[in-house]
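1. Sequence first, predicted coordinates after that:
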Amino acid sequence: MTLILGIDPGSRITGYGVVRDRGQGRGCEYVASGCIRTGSGELPERLQVVFRSVREVIRGHGPVTMGIERVFMARNADSALKLGQARGAAIVAAVEEGLEVAEYTATQVKQAVTGTGGASKEQVQLMVMHLLGLTQKPQIDASDALAIALCHAHTRSSLIPHGLGTARRRGGRLRL
């Protein structure tokens, strides 16, 4: 059984979700989720909060791999740059802790969890609840992170048995 961390990066709120992949097509179970709130300080301090908090989640739960959402180009270039920097802080925290890192577009995540790449955040949230047997709705950023972790579990389970992916801990990463 593999513990997987999903990260939905943001410069103000970064969602995280940890699931246990039971392997052999038996699905995943919920471990933890939440939101890292960086406050309203200057960007460097907020990035430090993302880095340290992601590192604490990794140390607290012991995942061996992480999925993270890819940056999309938004209308506002400044927002996209800040999002990319928050994403970078989370990736560095994961790599420093020896996790493999894989990236997924929002469309890939939605497709993996709901069956359609055009699903709304609420549809993703409901499917995450259903797939993990949750009785309460997680916060949107946390449910997005759980969806990323589920997408990563699905991708790993479909690629690794066919020799298309490698899973190495401590300094390695998933090669797709």
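-> Now that the structure is in, tell me what you want to look at. Numbering: from 1, shown residues only.

2. neighbours around the nearest residue to Val71 once chain neighbours are set aside, how many?
-> Spatial nearest neighbour of Val71, chain neighbours left out: Gly84 (4.7 Å); criterion: C-beta to C-beta, 6 or more residues apart in numbering. (Each C-beta comes from the backbone N, C-alpha and C, glycine too.) If you count neighbours by other C-beta atoms under 10 Å, Gly84 ends up with 14.

3. now the host helix or strand of Gly84, how far from the centre of its chain.
-> Element membership of Gly84, judged by DSSP states H and E, is helix 77-96. With C-alpha atoms, centre = their mean, to the nearest Å as the basis, helix 77-96 stands 13 Å off its chain's centre.

4. List the contacts of it.
-> Contact with helix 77-96 is made by 5, 7, 9-11, 14, 43, 46-48, 50-52, 54-55, 58, 66, 68-69, 71-74, 101, 171, 173, as judged by C-beta atoms under 8 Å, 6 or more residues apart in numbering.

5. among the helices and strands of the protein, which one scores worst on average pLDDT?
-> When the helices and strands of the chain are scored by mean pLDDT, DSSP states H and E, helix 140-159 comes last with a mean of 89.

6. Mind giving me the packing neighbours of it?
-> Applying 3 or more C-beta pairs under 8 Å, 6 or more residues apart in numbering; DSSP states H and E, one finds that helix 140-159 contacts strand 2-8, strand 13-21, strand 28-37, strand 65-69, strand 100-104, helix 106-114, helix 121-132.

7. just how off-centre is that helix within its chain?
-> Computed by C-alpha atoms, centre = their mean, the chain-centroid distance of helix 140-159 equals 6 Å.
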